[in-house]
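Q: With the sequence up front, the predicted model follows.
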Amino acid sequence: MNIKELDNNYIANTYQRFDVVFIHGKGSALFDESGKKYIDVGGGIAVNSFGIADEKWEEAVIKQLKTLQHTSNLYYTQPQSKLAELLCKKTGMKKVFFSNSGAEANECAIKAARKYSSDKYGGDRNVIVSLKGSFHGRTITTLSATGQELFHKDFGPFTQGFVFAEANDIADMKNIISENNCCAIIIELIQGEGGLNVLDKEYVSALSKLSKEKDILLIADEVQTGNGRTGRLYCYMNYNIEPDIVTTAKGLGGGLPIGATMFNAKTKGVLNAGSHGSTFGGNPVCAAGALSIIERIDDTLLLDVVKKSEYIFNEFTSAKGVKSVSGIGLMIGIETEKDAKEVVIKCLDRGVAALTAKNKVRLLPALNIPFDELKEAVRIIKEVIEE
Ligand SMILES: *Cc1c(COP(=O)(O)O)cnc(C)c1O
């Protein structure tokens, strides 16, 4: 049996895969079974921050792999502590809990937010406000926190204590807060899976002010927007706010699974011995990879992300067949007159691997995608959109 047949026979049917088997890659180039080259502008859904088989990342990972691959969190290990220090130094956050995925990073944030409130106020001050159109993960609790009806079928009963506010509507948020016993608000500054919806600056400032006044924790889900993606190390930095808890995953490990939940001065003491844990979380190999990624996200790289972003926005904004372009940095959604999925399938045929998000073509290339490859990918995507 070939790989597609094996997969269809033996893998649970949760993915509608594109009709291609990728074998290897280098940088922003992917190669299939026949040796055909594709320019990767999806980055494994914002995961391969420095592309495929990046030498510095590989070196850091392999070195750690050959030294110590795992100990459990019963012991101290070097890469995890160093990564936490670097994240705190670069963000101003104070403490980090490591897990293995975005959903787990959010689970940790949800637990911590409830414990913060329970420690301080007791009782049932445990409702978390999420936004309509949001996506926070696939576990039962993070699905419960996800503001899309589509995900609220078939899997009930869900975790209680989540309510949903209209994005970019501060009056609706105030209303919901006055009617519920809230401990936290969770937001994506750019809704990724929800279709590249960017939150307004005024709305986010008002939200930040409101959360401080009411001592309701502000959780920024930066699983997709984090780690240099938007031209700042974390997207909240574009908004001049300080969330109480920041979660991230995807691009953090550069291709290995690692999630992080970061706490500020107000929340750093909430989790204590026994209140949370993970067997694999902050695994030395994943943490060593993540350390090499975060070390290299500097001002030069971020400026480059901004330049590439401007280039993409300029190319698509007034292009034929394009209705709108949204996003920040290298997290971009292109609303097309044609069906987005059809566009992406045609692009794949012509050697460009892009993504969709709702009705948009979504681009999440490696932060260091070479300009010539980016230009070539943009040319092909425009061609498909226009014809
Ligand atoms: C992808 C994503 C998640 C879930 O991450 P997993 O690693 O798949 O569990 C959560 N929140 C946001 C904003 C995401 O984009």
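A: Yep, it's here.
Q: which residues touch the residue of the stretch 1-150 of the chain found nearest the ligand?
A: Closest residue of the stretch 1-150 of the chain to the ligand, C-beta to the nearest ligand atom: residue 102 (2.2 Å). Every C-beta, even on glycine, is put in place using the N, C-alpha and C of the backbone. Residues counted as contacts of residue 102 (C-beta atoms under 8 Å, 6 or more residues apart in numbering) are 136, 137, 221, 223, 224, 247, 248, 249, 250, 259.
Q: which among these are in contact with the ligand?
A: Near the ligand, judged by C-beta under 6 Å from any ligand atom, the entries from these are 136, 137, 221, 223, 224, 249, 250.
Q: Residue 277 contacts residue 98, correct?
A: No: contact between residue 277 and residue 98 fails when scored by C-beta atoms under 8 Å: they sit 10.6 Å apart.
Q: Looking at these two now, which is surrounded by more residues?
A: residue 98 (25 against 14; other C-beta atoms under 10 Å).
Q: tell me the SS of the more buried one?
A: Following DSSP: H, G, I helix; E, B strand; the rest coil, the label given to residue 98 is strand.
Q: Then residue 303?
A: Under three-state DSSP, residue 303 comes out as helix.
Q: Give me the neighbour count for it.
A: Neighbours of residue 303 (other C-beta under 10 Å): 11.
Q: For the ligand, see how far away it is.
A: According to C-beta to the nearest ligand atom, to the nearest Å, residue 303 and the ligand sit 25 Å apart.
Q: Next: residue 177.
A: Applying C-beta to the nearest ligand atom, the value for residue 177 to the ligand is 22 Å.
Q: That residue touches residue 216, doesn't it?
A: Yes: with contact defined as C-beta under 8 Å, residue 177 and residue 216 form a contacting pair (6.8 Å).
Q: anything in contact with each of these two?
A: What both residue 177 and residue 216 touch, as defined by C-beta under 8 Å, 6+ apart, is the set 129, 210.
Q: quick one: which of those two has more around it?
A: Comparing residue 177 with residue 216 by other C-beta under 10 Å, the one with more neighbours is residue 216, at 24 against 19.
Q: how does the chain divide up, domain by domain?
A: For the chain, automatic domain parsing gives the domain ranges 3-53+301-386, 68-296.
Q: could you dump these to a markdown table with distance to residue 59?
A: As requested, those are exported to a markdown table (distance: least, C-beta to C-beta, whole Å):
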| stretch | distance to residue 59 |
| --- | --- |
| domain 3-53+301-386 | 11 |
| domain 68-296 | 8 |
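Q: Take those and write them to JSON lines, including mean pLDDT.
A: Shown next, in JSON lines, are the domains of the chain (pLDDT from 0 to 100):
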{"stretch": "domain 3-53+301-386", "mean pLDDT": "98"}
{"stretch": "domain 68-296", "mean pLDDT": "98"}
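Q: Show the end-to-end separation of stretch 262-282, please.
A: Terminal residues of stretch 262-282 lie 13 Å apart, using C-alpha to C-alpha, to the nearest Å.
Q: how about it: buried residues?
A: Neighbour counts using 16 or more other C-beta atoms under 10 Å place 262, 263, 264, 267, 268, 270, 271, 276, 278, 280, 281, 282 of stretch 262-282 among the buried residues.
Q: pretty sure the fourth one contacts residue 114?
A: No: using C-beta under 8 Å, residue 267 is not in contact with residue 114, being 11.7 Å away.
Q: residues contacting residue 88?
A: 94, 95, 96, 262.
Q: Just the buried residues of those residues.
A: The buried subset of the contacts of residue 88 - by 16+ other C-beta under 10 Å - is 95, 96, 262.
Q: got the contact list for the residue in the stretch 251-387 of the chain that the ligand sits nearest to?
A: For the stretch 251-387 of the chain and the ligand, the shortest gap (C-beta to the nearest ligand atom) falls at residue 259, measuring 6.5 Å. The contact partners of residue 259, by C-beta under 8 Å, 6+ apart, come to 98-105, 108, 223, 247-249, 252, 281.
Q: Just the ones in helices from these, please.
A: Using DSSP state H, the members of these that fall in helices are 102, 103, 104, 105, 108.
Q: quick one: which of those has the most company?
A: residue 105 (33 neighbours).
Q: Now do the SS call for residue 172.
A: Taken by three-state DSSP, the conformation at residue 172 corresponds to helix.
Q: who's in contact with the nearest residue to it once chain neighbours are set aside?
A: Take residue 172 and drop its neighbours on the chain: the residue closest to it by C-beta to C-beta, 6 or more residues apart in numbering is residue 166, 4.3 Å away. The contact partners of residue 166, by C-beta under 8 Å, 6+ apart, come to 131, 132, 172, 173.
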